[in-house]
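Novice: Sequence and predicted structure, then a few things I'm wondering about:
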Amino acid sequence: MARYTGPKTKISRIFGEPILGNAKWLGKNSNPPGQHGAQRKRKQLGEYALQLREKQKAKYTYGVLERQFRKTFEEASRLKGVKGENLIKLLEARLDNTIFRMGLAASRPEARQLVAHKHIAVNGEVTNVPSYTCKPGDVITYRSKSAHNTSIVSKQRPSSTKFSWVDWNPNTNTGTFIAMPEREAVPENIKEQLIVELYSK
């Protein structure tokens, strides 16, 4: 299971964005991590560094390790359409990310835990693989026992943003992965073209 267990604030400060959902300290201390912070003279990033940085940002955002990320890119390359957009679509279609988008968990790591602990069923079958790629029409529910577990169901949060590619009915505890999302609808600030250029070297 791919996961980052280090300090979340440090990652947020590296990119200057709440990559792991923790923006608490960005306003007070948005300097890069390190002993000297902003006082340290930093050279302007080169082309390769910018591309690598963008890939790292995408990996941390979706909680994917290098080998898994590379496989996802290769799969995106085989699909018709723009490689970068296909990559974002496949990352968004991951089961753990879909659970997060539906509002069943406060973060992607929490959503990954729900899946790994077998609390989630896809099309009636319990699935414990966070990287499972959802397909249009997939029905996502809690496992029968988990549906009556208040500690699990209480994690649901009303989503302030409506994502058009997923739907969740809190009355029946049933969700549907409607379609692959369009890149314009995905709010993540990732320049996927830089990732494509990096892997094309």
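Specialist: Arrived safely, thanks for sending.
Novice: how long is stretch 81-97 from one end to the other?
Specialist: 22 Å (C-alpha to C-alpha, to the nearest Å).
Novice: So for it, what gets flagged as buried?
Specialist: Using 16 or more other C-beta atoms under 10 Å as the test for burial, stretch 81-97 gives 83-97. In this view, the C-beta of every residue, glycine as well, is placed from N, C-alpha and C.
Novice: Spell out which residues make up each domain of the protein.
Specialist: For the chain, the structural domains run 8-90+188-199, 94-179, going by automatic domain parsing.
Novice: could you dump the ones you listed to JSON lines with mean pLDDT?
Specialist: Converted to JSON lines, these look like this (pLDDT from 0 to 100):
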{"stretch": "domain 8-90+188-199", "mean pLDDT": "83"}
{"stretch": "domain 94-179", "mean pLDDT": "91"}
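Novice: Give me the neighbour count for V186.
Specialist: Residues lying near V186 (other C-beta atoms under 10 Å) number 18.
Novice: Same question for the one 10 residues further on.
Specialist: Here the number of neighbours of V196 (other C-beta under 10 Å) works out to 21.
Novice: Could you tell me whether it really is in a helix?
Specialist: Yes. The assignment for V196, made by DSSP: H, G, I helix; E, B strand; the rest coil, places it in a helix.
Novice: Wait, it touches N86, no?
Specialist: No. Contact criterion C-beta atoms under 8 Å: V196 and N86 do not qualify, at 9.7 Å.
Novice: Apart from its chain neighbours, what residue comes closest to the residue nearest the centre of the chain?
Specialist: Computing the C-alpha centroid of the chain and ranking residues by C-alpha atoms, centre = their mean puts Y62 first, at 2.9 Å. Of all residues not flanking Y62 in the chain, L91 sits nearest, at 4.8 Å (C-beta to C-beta, 6 or more residues apart in numbering).
Novice: what's the helix or strand for that neighbour?
Specialist: helix 83-92 (DSSP states H and E).
Novice: Which residues does that helix contact?
Specialist: 58, 62, 64, 72-73, 75-77, 79, 97-98, 101, 133, 165, 180-181, 183, 186, 188, 190, 192-193, 195-196 (C-beta atoms under 8 Å, 6 or more residues apart in numbering).
Novice: List the buried residues in stretch 64-77.
Specialist: In stretch 64-77, counting by 16+ other C-beta under 10 Å, buried: 64, 69, 72-73, 76.
Novice: Centre of the chain to that stretch, how far?
Specialist: 14 Å (C-alpha atoms, centre = their mean, to the nearest Å).
Novice: now do stretch 8-24
Specialist: Taking C-alpha atoms, centre = their mean, the mean C-alpha location of stretch 8-24 is offset from the chain mean by 14 Å.
Novice: List the buried residues in that stretch.
Specialist: Applying 16+ other C-beta under 10 Å to stretch 8-24 flags 8-9, 11-15, 17-20 as buried.
Novice: got the CA coordinates for the helix ranked longest in the chain in CSV?
Specialist: Ranked by residue count under DSSP state H, the longest helix found in the chain is helix 47-62. Taking Å, rounded to 0.1, in the frame of the first residue of the first chain, the C-alpha atoms of helix 47-62 are listed here in CSV:
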residue,chain,number,x,y,z
GLU,A,47,13.8,22.5,-16.9
TYR,A,48,14.4,19.0,-15.5
ALA,A,49,14.0,20.2,-11.9
LEU,A,50,10.6,21.7,-12.7
GLN,A,51,9.5,18.5,-14.4
LEU,A,52,10.6,16.3,-11.6
ARG,A,53,9.0,18.7,-9.0
GLU,A,54,5.7,18.4,-10.8
LYS,A,55,5.9,14.6,-10.9
GLN,A,56,6.6,14.6,-7.1
LYS,A,57,3.7,16.8,-6.5
ALA,A,58,1.3,14.5,-8.4
LYS,A,59,2.7,11.4,-6.5
TYR,A,60,2.3,13.1,-3.1
THR,A,61,-1.2,14.4,-4.0
TYR,A,62,-2.6,10.9,-4.9
